[in-house]
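K.L.:
kindly generate the corresponding structure for this input.
(chains A, B, C, D and E, ligands or ions: 5)
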Amino acid sequence: MSATSAMLRAGAPAATATSTVATTPFVEFNRVWLAYNDELAHRGEFAVEDVSLRVEPGEFIAIVGPSGCGKSTFMKLATGLRPATRGVVKVAGEKVTGPLQQVGMAFQAPTLLPWRTTLDNVMLPLEIVEPYRSTLRARRDEYVARARELLRTVGLAGYEDKYPWQLSGGMQQRASICRALIHQPRMLLLDEPFGALDAFTREELWCVLRDLWQAQRFNVILVTHDLREAVFLADTVYVMSQRPGRILLRKEIDLPRPRDLDLTYTEPFAELVHALREKIGHVRQH
Amino acid sequence: MSATSAMLRAGAPAATATSTVATTPFVEFNRVWLAYNDELAHRGEFAVEDVSLRVEPGEFIAIVGPSGCGKSTFMKLATGLRPATRGVVKVAGEKVTGPLQQVGMAFQAPTLLPWRTTLDNVMLPLEIVEPYRSTLRARRDEYVARARELLRTVGLAGYEDKYPWQLSGGMQQRASICRALIHQPRMLLLDEPFGALDAFTREELWCVLRDLWQAQRFNVILVTHDLREAVFLADTVYVMSQRPGRILLRKEIDLPRPRDLDLTYTEPFAELVHALREKIGHVRQH
Amino acid sequence: MMTMTSAQQRRVQRVAPWILLGAVLVLWQGACLVFDVSDFILPSPASIATALFQYWDVIGGHAWRTFWTTMAGFALAIGVGVVLGLVMGSSRLAYAAGYPLMTAFNALPKAAFVPILVVWFGLGVGPAILTAFLISFFPIMVNIATGLATLEPELEDVLRVLGAKRRDVLFKVGLPRAMPFFFASLKVAITLAFVGTTVSEMNAANEGVGYLLVSAGSAMKMPLAFAGLVVIAVMAMLMYELFAVLEKRMTGWAHRG
Amino acid sequence: MMTMTSAQQRRVQRVAPWILLGAVLVLWQGACLVFDVSDFILPSPASIATALFQYWDVIGGHAWRTFWTTMAGFALAIGVGVVLGLVMGSSRLAYAAGYPLMTAFNALPKAAFVPILVVWFGLGVGPAILTAFLISFFPIMVNIATGLATLEPELEDVLRVLGAKRRDVLFKVGLPRAMPFFFASLKVAITLAFVGTTVSEMNAANEGVGYLLVSAGSAMKMPLAFAGLVVIAVMAMLMYELFAVLEKRMTGWAHRG
Amino acid sequence: QTKVRFQLDWRFEGPSALFLLGEQKGYYKAEKLDVSIDAGNGSGNVVNRVASGTYDMGFADMASVMEFYGNNPDAKNKPVAVMMVYNNTPAAVLALKKSAIRAPRDLAGKRLGAPVFDAGRRAFPIFAKANGLQAAAFNWQAMDPTLRETMLVRGDLDAITGFTFTSILNLNARGVKDEDIVVLPYPQYGVKMYGNAVVVSEDFLKKNPEAVRGFLRAFAKSARDVIAHPEEGVKAIKARDGIIDEKLELKRLKIALDGVVKSPDARAEGFGRISKPRLSLMASQVADAFATKGRINPDAVWTDAYLPGAAELDVLR
Ligand SMILES: Nc1ncnc2c1ncn2[C@@H]1O[C@H](COP(=O)(O)OP(=O)(O)OP(=O)(O)O)[C@@H](O)[C@H]1O
Ligand SMILES: Nc1ncnc2c1ncn2[C@@H]1O[C@H](COP(=O)(O)OP(=O)(O)OP(=O)(O)O)[C@@H](O)[C@H]1O
Ligand SMILES: Cc1ncc(C[n+]2csc(CCO)c2C)c(N)n1
Ligand SMILES: [Mg+2]
Ligand SMILES: [Mg+2]
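P.N.:
Ligands and ions are numbered 1, 2, ... in the order given. Next up, the predicted model:
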């Protein structure tokens, strides 16, 4: 994939995903609680409770859990969009106090800006994030070409000049993924990015994401309801409980890399998925 | 499910789903084309092309197809939200010229009204559709109780008085499904209603929908990306092509009714799903 | 700001307008003293306060008259403005036909119409109410129409798919969606309504703050005239506070930033 | 309407304002004839047209003066209104502190300030430009502030998550989202700007339509005075058309109903 | 009881005592009239409102009345002057002593200013002609009445036109002493125009001639009292409008009485009355200076048929 290779960024972290040696973790949650406002906090209604986890540099983690359990909330904590009510969130060793730089995020809803065309929506991070911001004028053509290439990768060639409301739901979601990727972030957060896609398109995009990650080894946090997706892509899968969200289970996926789509039809893969499914089903009974 | 039985409506059509005798079809598409505006029509860019199909009264159909192929567009045609550029759409024997009465629709995006609480959003159809509209004042409490019961069924008990933006993505989607059901429509259109839900919640809602349908035998058009969902719920599955959307395949699902969740682990079920998947994969190569 | 609790912030926000008001008054008084501005040009806050105190009862009477006249005109403006806005916002034809003419009409100084209104309605509250109405319905109409015209079709479809009538769509989706626009326009319209009443009273009345303004002007009591202005300002501020409360209640869903 | 093509509809919409204008004129002329309204109360369209024709050059000169004066004041109002709106809309403290005072100030008839402006800036365009500015910046400010305050946090988050600075969020999301509000306010503000210029010219000027109004009024040439009003109305209508075109271009995304 | 809606030319200030004292003392009631007196904003408006039937009677500048006749010859309900009150126009040119303007001829080349509707400004061509000046040579500045004296004091203008009893007081208030003001009253410089008169609409006159007679009787009585005791008149104003400054209004009233009500011309012609030749001259002067559409017939503008008897009318003796 030419777009993928073109995106290999000089400063990408070199650590490999599977190294679990005592490096400082890239993302660290230390007993984090969040209530959406003071009043809810007083009433003890938390959206996530007592979440602790460590993500190594370059690790790909997936989060699964029932609807409304606090997955999106977790994402907001990890990017600093919401401050923790209690506990500490650290990213790259520093305490998170506000939104981070160099994050790419695809929200659960596509949230494309309705006054921008698809292309301009995808270009948005380049207008904000350095070093693109200051070189945008000089290298506009190059960046536009990159955005077009990325859109082509997700099957949106020919829709660059359409407005968001002229796209189907799944197309909007794909454009939103492009927007999260375009500036080659060090940390990529994807909140159910493939939820509105058919199985085939979805699997294609799995491969796109896998290749990008394989080449650049950024950190990924993926929220998904599709256990096959989680197992295929992630190094580690976290399972969250019903609301208020706690982390119930951490499952390392030790399938070899690089992984191929055919892997999903193999026995070990199916077993991992099944095991996760069982666990979640079991947890739900309580 | 008490909500389900409480909803048994006097005027529900009596025809059974599997009867393919020469009744007049409930929904009939006759070579329908749609372009989103005049200009696109002139350029020959259609969102759906030459769609013909017949849906019997009380039939449950599912539509699958790649992202952007025109499924949501098909729904808009079926409800009369969009007029066909060419061809004729008939519902209950009458040509569709504008939005129909007595339709229940869950859009792809939740589209809850942000100034209404969840409960008030669910109550909305009762303020519009007869006979609820004229009896709303007198029987408000009864209707509120019904809405609460319905919300409980989809796991939203306790969230009745929250505003949409205080709900998670999946919760919004469930509220939107409730809004489509509350007024016991004769025709129910669901555009990827379970896309944002985890597997377990999703299967629970399959059963809720199945029971409601079994009891009332309204018409359902379900758009989905989940082939298991389509096969489990529908009488007939239609497969659409890449854009511009055409109907490529019509597959009758002759699994016995009532269907149980365990059915999804049986051989015939898996075979049907696999066959559909093969077909779609094959079609995609072209 | 970062370190303030939300309760503290709310308290700061409550006193902020008073602090700003105080600062403005101090500056004004200072400028009057330093540049020795004569009362004929711009009376100092101190002399205005003196006038306010001295003529309290007279001003009160005029103010009350201006207040209820304005409220009457403003109520009319809300009614007509909302209805016209609904019509313009929901019919492209009405929009295309009516908007340019409405704009044209509203560019005319309403003072020019006061004599005509006096001929038709006599001296008294009639012209004042009508002037307040004529001057203030336009922003309401424009904002309601814009609110409706920018309604997302997706939200409209939620009702249309139920077979809702045009009226239902308007009242269940259009109007609520236009509420933030409506409240923005109310704040503009109330100020214009006061201006309208005052202008009309300046031209044709024996009562009201407008009359007070010209009468104090010709009696060469500029501080008194400015005291009249201050009273109008206070009334407008009170109305603003009322709208702010209503806005918070009714469009809280839109203000969750 | 159902059976019209969109091209036909567009044509109907183009002629609609002219038809309405014609209807209003015919009604007005009819009323003047039937009720025998004298020229000194409300001149008939025919006599206004006569005056327009007869004094074409004089009116033209005054109109040009009023036009550019208004444009100057209006440009100032846009600049200041947008900036203040940005400040108010993005800072809760500024909103809480400034809004009530702004409302209060805007409820005062600007005519009362013209004498002060004249004393400071002399007779001439200065007071007229400033009056046009003072009267018209408020709606712009209010609407921009409201547009920003009602911005959906989800859209804001799209930028915040990139580590965007406050300014970026404002310019990339806040302002575009506020554009429909902005254009609504422009339509109100331009009418007010014309009113402001005219009022100022009525009070202190030797030129401009405002001067024409009072001098024609005092010479009991009401048709000429109304011809002046007509010219203002036409100028306002032209500006409206300009804004309509701009609005269509810039906020097409919001008007897709 | 006949209802009479009466419109003053201006706000409730000094000269309005002539009308208000009678109201306070019940003189109109005694004539079986229910009179309501409203403040006004200029003679032009009085003429319009009486002509349109909004008011039955009013107090307006004779020149405005004549101008209305000249411009609206076909109007059906013209105001008719029935009693002269300001026998001379109160208009004057005013300047500051330091400007070296002492006589009309000194005005040549000077900057003049006044509101466009100011009676003195509009009649200035007549003043100019009477004093050998070229009216067309003057470049006027227009402004709101509230600005006129301020601009003169600030030196933006060399001279202004205005009513004596307004402009002198306004100048005083701006710190200019009487001895530093040069006043060139029109009547003393060859302009023999009449000032304000009581006007009645033709309709009202036809329907209620007795009411008009009664009104004028009561008004003459009121005027007599005011001339005898101006302070009492000022108290009547104060009762109507609480904000007035009694000292100031007393001074204003006295200037008005001395200058235009008890002027030598008034004493010669008699209070309330006019002289036909003088009125005819004024009619042609107004038609020229105000460039009216048609000529003005002085006999249509004025009637003395409703004046009270000499005993009641001669308040100046
Ligand atoms: N309002 C619109 N204006 C113009 N084109 C549109 C509009 N809405 C949809 N389209 C186009 O119509 C085609 C079909 O869209 P539709 O929403 O029906 O797809 P879909 O099958 O529902 O896809 P998805 O599974 O992604 O929701 C798309 O190519 C889209 O770009
Ligand atoms: N802005 C908010 N204000 C108050 N409560 C909120 C807000 N956003 C989310 N919540 C609550 O927080 C809880 C967790 O929400 P969150 O969006 O994180 O769930 P989720 O795991 O992403 O669910 P889904 O899979 O349905 O998207 C929910 O119960 C929701 O009601
Ligand atoms: C204080 C004052 N203001 C305005 C006028 C002007 N005026 C003279 S005639 C006329 C026509 C009104 O219908 C107008 C406005 C005045 N004379 N006095
Ligand atoms: Mg979520
Ligand atoms: Mg779709």
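K.L.:
what helix or strand does the residue of the stretch 101-250 of chain C found nearest chain B sit in?
P.N.:
Nearest residue of the stretch 101-250 of chain C to chain B (C-beta to the nearest C-beta) works out as residue C:163 at 3.4 Å. For glycine as for every other residue, the C-beta is placed from the backbone atoms N, C-alpha and C. Remark: residue C:163 resides in no helix or strand, with elements defined by DSSP states H and E.
K.L.:
look at whatever residue of the stretch 151-257 of chain C ends up closest to chain E and say how many residues are nearby.
P.N.:
Closest residue of the stretch 151-257 of chain C to chain E, C-beta to the nearest C-beta: residue C:220 (4.3 Å). For residue C:220, the neighbour count with other C-beta atoms under 10 Å in any protein chain shown is 19.
K.L.:
same thing with residue A:164?
P.N.:
For residue A:164, using other C-beta under 10 Å, the count is 20.
K.L.:
quick one: it from residue A:120, how far?
P.N.:
Remark: distance between residue A:164 and residue A:120 (C-beta to C-beta, to the nearest Å) = 10 Å.
K.L.:
what do the two both touch?
P.N.:
Common neighbours of residue A:164 and residue A:120 are listed as residue A:113 (criterion: C-beta atoms under 8 Å, 6 or more residues apart in numbering or on different chains).
K.L.:
tell me who's in contact with the residue of the stretch 101-250 of chain C closest to chain B.
P.N.:
If you count contacts by C-beta under 8 Å, 6+ apart, then residue C:163 has B:99, B:100, B:101, B:102, B:103, B:128, B:129 around it.
K.L.:
mind putting these in JSON lines, pLDDT included?
P.N.:
Shown next, in JSON lines, are the contacts of residue C:163 (pLDDT from 0 to 100):
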{"residue": "B:99", "pLDDT": "82"}
{"residue": "B:100", "pLDDT": "81"}
{"residue": "B:101", "pLDDT": "78"}
{"residue": "B:102", "pLDDT": "81"}
{"residue": "B:103", "pLDDT": "90"}
{"residue": "B:128", "pLDDT": "92"}
{"residue": "B:129", "pLDDT": "91"}
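K.L.:
top of these by number of neighbours, please.
P.N.:
Using other C-beta under 10 Å as the neighbour test, the contacts of residue C:163 are led by residue B:103, with 26 neighbours.
K.L.:
hang on, residue E:23 is in a strand, isn't it?
P.N.:
No - according to DSSP: H, G, I helix; E, B strand; the rest coil, residue E:23 belongs to no strand; its state is helix.
K.L.:
I'd guessed residue A:188 sits against residue A:219; true?
P.N.:
Yes - with contacts counted by C-beta atoms under 8 Å, residue A:188 reaches residue A:219, the gap being 6.9 Å.
K.L.:
burial of residue C:174, as a residue count?
P.N.:
Neighbours of residue C:174 under the rule other C-beta under 10 Å: 25.
K.L.:
what separation do you get for it and chain A?
P.N.:
Taking C-beta to the nearest C-beta, to the nearest Å as the criterion, residue C:174 is separated from chain A by 18 Å.
K.L.:
could you find the closest non-adjacent residue to that residue?
P.N.:
Setting aside the residues directly before and after it, residue C:174 is nearest to residue C:148 in space (C-beta to C-beta, 6 or more residues apart in numbering or on different chains), at 4.8 Å.
K.L.:
residue A:246 too?
P.N.:
Excluding the flanking residues, the one nearest residue A:246 by C-beta to C-beta, 6+ apart is residue A:49, at 5.2 Å.
K.L.:
next up, the contacts around that neighbour.
P.N.:
A:33, A:244, A:245, A:246.
K.L.:
which element is it on?
P.N.:
Going by DSSP H and E, residue A:49 is part of strand A:48-55.
K.L.:
immediately after that strand, which helix or strand?
P.N.:
Following strand A:48-55 in sequence order, the next helix or strand is strand A:60-64 (DSSP H and E).
K.L.:
quick check: next helix or strand after that next one?
P.N.:
helix A:71-79.
K.L.:
relative to strand A:60-64, how tilted is that next one?
P.N.:
Inter-element angle recorded for helix A:71-79 and strand A:60-64: 150 degrees (by axes from the mean of the first three to the mean of the last three C-alpha atoms, to 10 degrees).
K.L.:
do helix A:71-79 and chain D meet at all?
P.N.:
Yes - against chain D, helix A:71-79 shows contacts by C-beta under 8 Å from any C-beta of the partner chain at residue A:79.
K.L.:
got the angle between that helix and strand A:48-55?
P.N.:
Angle between the axes of helix A:71-79 and strand A:48-55 is 60 degrees (criterion: the same axes, to 10 degrees).
K.L.:
read off the pLDDT value for whichever residue of the stretch 201-317 of chain E sits closest to ligand 3.
P.N.:
Per C-beta to the nearest ligand atom, residue E:290 is where the stretch 201-317 of chain E lies closest to ligand 3, at 11.2 Å. pLDDT recorded at residue E:290 is 89.
K.L.:
how would you label the residue nearest to residue E:19 when sequence neighbours are not counted: helix, strand or coil?
P.N.:
Spatial nearest neighbour of residue E:19, chain neighbours left out: residue E:37 (5.7 Å); criterion: C-beta to C-beta, 6+ apart. Under the three-state scheme (three-state DSSP), residue E:37 adopts strand.
K.L.:
check contacts around residue E:37.
P.N.:
Contacts were defined as C-beta under 8 Å, 6+ apart; by that measure residue E:37 touches E:6, E:7, E:8, E:16, E:19, E:20, E:23, E:240.
K.L.:
which non-adjacent residue is nearest the third one?
P.N.:
Residue nearest to residue E:8 in three dimensions, not counting chain neighbours: residue E:40, with 4.5 Å by C-beta to C-beta, 6+ apart.
K.L.:
pull out the buried positions in the longest helix along chain C.
P.N.:
Longest helix of chain C, by residue count under DSSP state H: helix C:56-90. Going by neighbour count (16 or more other C-beta atoms under 10 Å in any protein chain shown), the buried part of helix C:56-90 is C:58-59, C:61-63, C:65-67, C:69-74, C:76-78, C:80-82, C:84-90.
K.L.:
could you do stretch E:209-221 as well?
P.N.:
Judged by neighbour count (16+ other C-beta under 10 Å), stretch E:209-221 contains these buried residues: E:211, E:212, E:213, E:214, E:215, E:216, E:217, E:218, E:219, E:220, E:221.
K.L.:
what mean pLDDT does the helix or strand where residue C:133 lies get?
P.N.:
Secondary structure assignment for residue C:133, by DSSP H and E: helix C:125-149. Average pLDDT, helix C:125-149: 92.
K.L.:
now stretch E:45-64
P.N.:
Per-residue pLDDT over stretch E:45-64 has a mean of 92.
K.L.:
quick one: what helix or strand has the residue of the stretch 151-286 of chain A at minimum distance from ligand 1 in it?
P.N.:
Residue nearest to ligand 1 within the stretch 151-286 of chain A: residue A:170 (2.5 Å; C-beta to the nearest ligand atom). Using DSSP H and E, residue A:170 maps to helix A:169-181.
K.L.:
run the chain-centre distance for the helix or strand that that helix is followed by.
P.N.:
Going down the chain from helix A:169-181, the next helix or strand is strand A:187-191, by DSSP H and E. The chain centroid and the centroid of strand A:187-191 are separated by 2 Å under C-alpha atoms, centre = their mean, to the nearest Å.
K.L.:
give the buried residues for strand A:187-191.
P.N.:
With burial defined by 16+ other C-beta under 10 Å, the residues of strand A:187-191 counted as buried are A:187, A:188, A:189, A:190, A:191.
K.L.:
residues touching the fourth one, list them.
P.N.:
Just to be clear, that refers to residue A:190. Taking C-beta under 8 Å, 6+ apart, we find residue A:190 in contact with A:105, A:106, A:177, A:180, A:209, A:220, A:221, A:222, A:223.
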